[in-house]
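Trainee: Here is a sequence with its predicted model. Questions after.
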Amino acid sequence: MVMVLVVHILSVGLFLGIAGSETVVEMMGRDPDKRAESIRLHYRIDLALEIPVLVVAIGTGIWLALRAHPHGWALVHTIAGAVGLGATSLAVVAVIRRQQASVRDDQAALEKAQKAFQLLVALAIPAVLVALVVALARVA
């Protein structure tokens, strides 16, 4: 169980680093001349890095939760982590749809995918932060 916990912590750490880099990429996309490049780069980051890391983080999180039978603050951590990583997984789908719309030059679909992405990120960030704070408080 300790090894699974270590892998979980490492995968969550990697996820946070990837999310940070994607934030920079999204900020780059505010410039209309760099928007298509930003969309393409975020898509590639998701396929190459974020999806595999999410699979590991979610898989190890489920494994740990099933064996620990969380209650109290551990249950808060588990629920917040599930909401955060679930919303992030759906945000990946929005990134893929946004890339497909960009390639087709379908502005309506691109804007729809962009709004979905922003909504899901707005849900994921506070949930992940709650999970992180609860986890760190339990260790301290």
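Mentor: Great, that's in hand.
Trainee: Could you pull out the helices in the chain for me?
Mentor: 2-28, 35-45, 51-68, 73-104, 107-139 (DSSP state H).
Trainee: Same list (the ones you listed) but as CSV, adding mean pLDDT and mean neighbour count.
Mentor: Any C-beta I mention is one placed from the backbone N, CA and C, and that applies to glycine too. Compiled in CSV, the helices of the chain are given as follows (pLDDT from 0 to 100; neighbours: other CB atoms under 10 Å):
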stretch, mean pLDDT, mean neighbour count
helix 2-28, 96, 15
helix 35-45, 98, 18
helix 51-68, 96, 16
helix 73-104, 97, 18
helix 107-139, 96, 16
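Trainee: any idea how far Ala68 is from Ala87?
Mentor: 23 Å (CB to CB, to the nearest Å).
Trainee: What of Glu26?
Mentor: From Glu26 over to Ala87 (counting by CB to CB), the distance is 16 Å.
Trainee: swap in Ala19?
Mentor: Using CB to CB, we find Ala19 at a distance of 12 Å from Ala87.
Trainee: With Leu10 instead?
Mentor: In terms of CB to CB, Leu10 sits 21 Å off from Ala87.
Trainee: now Asp105
Mentor: 28 Å.
Trainee: Repeat that for Leu5.
Mentor: Separation of Leu5 from Ala87 (CB to CB): 23 Å.
Trainee: do Val2 as well
Mentor: In terms of CB to CB, Val2 sits 29 Å off from Ala87.
Trainee: No further questions, thank you.
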